[in-house]
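Trainee: Predicted model, plus sequence, below.
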Amino acid sequence: GAGVSQTPSNKVTEKGKYVELRCDPISGHTALYWYRQSLGQGPEFLIYFQGTGAADDSGLPNDRFFAVRPEGSVSTLKIQRTERGDSAVYLCASSHGPVNGGELFFGEGSRLTVL
Amino acid sequence: AQSVTQLDSQVPVFEEAPVELRCNYSSSVSVYLFWYVQYPNQGLQLLLKYLSGSTLVESINGFEAEFNKSQTSFHLRKPSVHISDTAEYFCAVSALPSGSARQLTFGSGTQLTVLP
């Protein structure tokens, strides 16, 4: 497809389980972002990739969260030992380069519910 | 670091009435400013942006926003709204390239509901 694709669209898991969320960005976009949106809040920055490397991971809340982008395209956000507070919509976005002055293209998000 | 405040979480308005969605920001460096919109069951999409030049920027569907540096504001306005404008609107900032931030910082959003 032409847009940013995220899978799964919905994920329900139990506390303590491991979760992977996948993002397929727009072809040719070098920059990829992960955001988290909790109920009633705006998107909160998690991590930014430029190519294969994480250029800025200052938004990751703790070491249970990790993201990779091994070939500079698809990215996976990994959450270990999930907690109920991790429940949120996880948004992926891509752009031609760093967002300053540019436009971010967002996917529809993966809704994670931790029971 | 930057921060964005959207004071109004919900704005109901009747069709064809004017609307203003407020956005104030805080930053120690110069910023770019954005409004993103999220229609029901869709992803966030860019509505308009201010980078430089004229402080008044417009979208293709009749919205406009004015950058006011002295008041650190970027309020979004439309003179006459349609039912189809019902959506959540997010104001966002990013630091200029010379700044340290390379991501967007979003406000908490304003749900605009247009009533018939």
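Mentor: In hand now; what should we look at? All figures in this text were calculated on a predicted structure; none of them were measured in a lab. Residues are numbered from 1 along each chain as shown, chains lettered A, B, ... in the order given.
Trainee: Strands along chain B, start to end?
Mentor: Using DSSP state E, the strands found in chain B span residues B:3-5, B:10-14, B:19-21, B:24-26, B:31-38, B:45-50, B:56-58, B:64-68, B:73-78, B:87-95, B:105-106, B:110-115.
Trainee: Quick check: closest non-adjacent residue to the residue in chain B positioned nearest to chain A.
Mentor: Closest approach between chain B and chain A, counting by C-beta to the nearest C-beta: B:F106, at 3.5 Å. All C-beta spots, glycine's among them, are computed from the backbone N, C-alpha and C. Excluding the flanking residues, the one nearest B:F106 by C-beta to C-beta, 6 or more residues apart in numbering or on different chains is A:G42, at 3.5 Å.
Trainee: so the one you found touches B:Q111, yeah?
Mentor: No - using C-beta atoms under 8 Å, A:G42 is not in contact with B:Q111; the gap is 11.8 Å.
Trainee: Which one of those two is surrounded by more residues?
Mentor: A:G42 (22 against 16; other C-beta atoms under 10 Å in any protein chain shown).
Trainee: Let me know the next secondary structure element after the helix or strand of chain A with the lowest mean pLDDT.
Mentor: One helix or strand of chain A scores below all others by mean pLDDT, DSSP states H and E: strand A:53-56, with a mean of 87. Downstream of strand A:53-56, the first helix or strand assigned by DSSP states H and E is strand A:65-68.
Trainee: Show me which residues of that next one are buried.
Mentor: Applying a neighbour-count criterion of 16 or more other C-beta atoms under 10 Å in any protein chain shown, one finds A:F65, A:A67 buried in strand A:65-68.
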